[in-house]
Structures are given as C-alpha cells and as structure tokens.
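[1] Sequence and predicted model, in that order:
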Amino acid sequence: YWAFICYEESFDKDKFISEFENSGLMFEFSPLHDRDFFSDGRPKKPHYHVILCWKNPTTLKNVLELLAPYGISYVKRLINPVKMHEYLYHKNNPDKAQYDSNDIAAYGGFDISRYIDRTNDEIQDIVRNVISFIREYDVFDFSDLVELVVDNELYDYLEIIQNKAYFFENYLKSRRCRNH
C-alpha cells in the first residue's frame, strides 16, 4: 500500500481515474480536503489524499514512475492502511476538519469495507446472514461454503468466515451429521 497527496489545482483527478480504474490498480480518494489549516492558522491548499494498492508487491521506483506524469514525486509506503483510510476523513483527529467517510471514492475493486472496524453487533448480524445463506443453499462442506461466497462476491461474508472458521466448520459438520 502506498499513499500520496495531490492538489486540486494541479492534479487531473478525472484523467487519473479514467486511466487507472480498469487497470488492476486499486485506489481510493479522500473527500476534497478544503477546510484544513496549518498550525499557524493559514489555510492549506485544497488537496486529496490517495491510497494505492497493487495485488502484488511493488517497488518505490515503480510507484514513482507511474505517478511522475501526474506531478507526484513523493509517496509514502503504508504500514497500516487502516489508519490511513481513517485519516482520509480525519476520523481520529478531532482537532482537524471532519470529512464525511461516505465521500471517500474507491476504484478498481478497492474494498473500503475491509478498512472499517465492525462492531460486535455488526459481526453477529453477518454471522446470522451466513447461517441463513448456508441453510438457503443447503451447504454441508466448508469448501463449498467458501466457493459459493466467492462466486457470489460476498466478501464481507468471506472475511467473517475466515475469522470464525472453527465455528463454521463445526456448524457445517453438525449439519452433515444431522442430515446423513
């Protein structure tokens, strides 16, 4: 994961999106940060924060070569994309202008929901939905469940299934024993 800042006045956001949206590069733009100030009270130029994600590891050199035509000469490798995603709208910075997380724009399959912490209630809702899905499709094997979820592009289900694999394996096992 990589991040950079671009300024509204000198960055052609629409061109960038049209060139890279279907390229396999995953990325997201913050809302336009047009209410930010320096510590001395001077306004900052309106800008976007951008997160880039490749499916495979890439080098700093490759990232800079890709962005050079857009006037970007500095990027930052992200250790924690969750924190950067939250910074796109200043979630954990109450002293900064607050932006609406719904105004974050994702492209190329960048899945914003992967970066939003779920509450326990939300997780339990998804678990119940997965159980209903299992019953609706009459699933008995863990591999069948995973494949059905992937085929139906239910990636929030997949994340929960991965995190609660022991639970779902046992649930599926008990369904097999009951029905055979």
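    That came through, no problem.

[2] same question for the lengthiest helix in the chain, mean pLDDT?
    Longest among the helix segments of the chain by residue count, using DSSP state H, is helix 120-136. Over the span of helix 120-136, the pLDDT mean works out to 91.

[3] ok, and for the following helix or strand past it, which residues are buried?
    The helix or strand immediately downstream of helix 120-136 is helix 142-151, counting by DSSP states H and E. Neighbour counts over helix 142-151 (16 or more other Cβ atoms under 10 Å) mark F142, L145, V146, V149 as buried. For the C-beta atoms, the positions are set from N, CA and C on the backbone; glycine is no exception.

[4] now the angle from helix 142-151 to helix 120-136?
    Counting by axes from the mean of the first three to the mean of the last three Cα atoms, to 10 degrees, helix 142-151 lies at 110 degrees to helix 120-136.

[5] how about the CA coordinates for helix 142-151, as PDB?
    Only the C-alpha atoms of helix 142-151 are listed here, as PDB (Å, rounded to 0.1, in the frame of the first residue of the first chain):
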ATOM      1  CA  PHE A 142     -16.700 -25.700   4.300                       C
ATOM      2  CA  SER A 143     -15.100 -25.600   0.900                       C
ATOM      3  CA  ASP A 144     -18.500 -25.400  -0.800                       C
ATOM      4  CA  LEU A 145     -19.400 -22.500   1.500                       C
ATOM      5  CA  VAL A 146     -16.200 -20.600   0.700                       C
ATOM      6  CA  GLU A 147     -16.600 -21.200  -3.100                       C
ATOM      7  CA  LEU A 148     -20.300 -20.100  -3.000                       C
ATOM      8  CA  VAL A 149     -19.400 -17.000  -1.100                       C
ATOM      9  CA  VAL A 150     -16.600 -16.100  -3.500                       C
ATOM     10  CA  ASP A 151     -18.800 -16.900  -6.600                       C
END
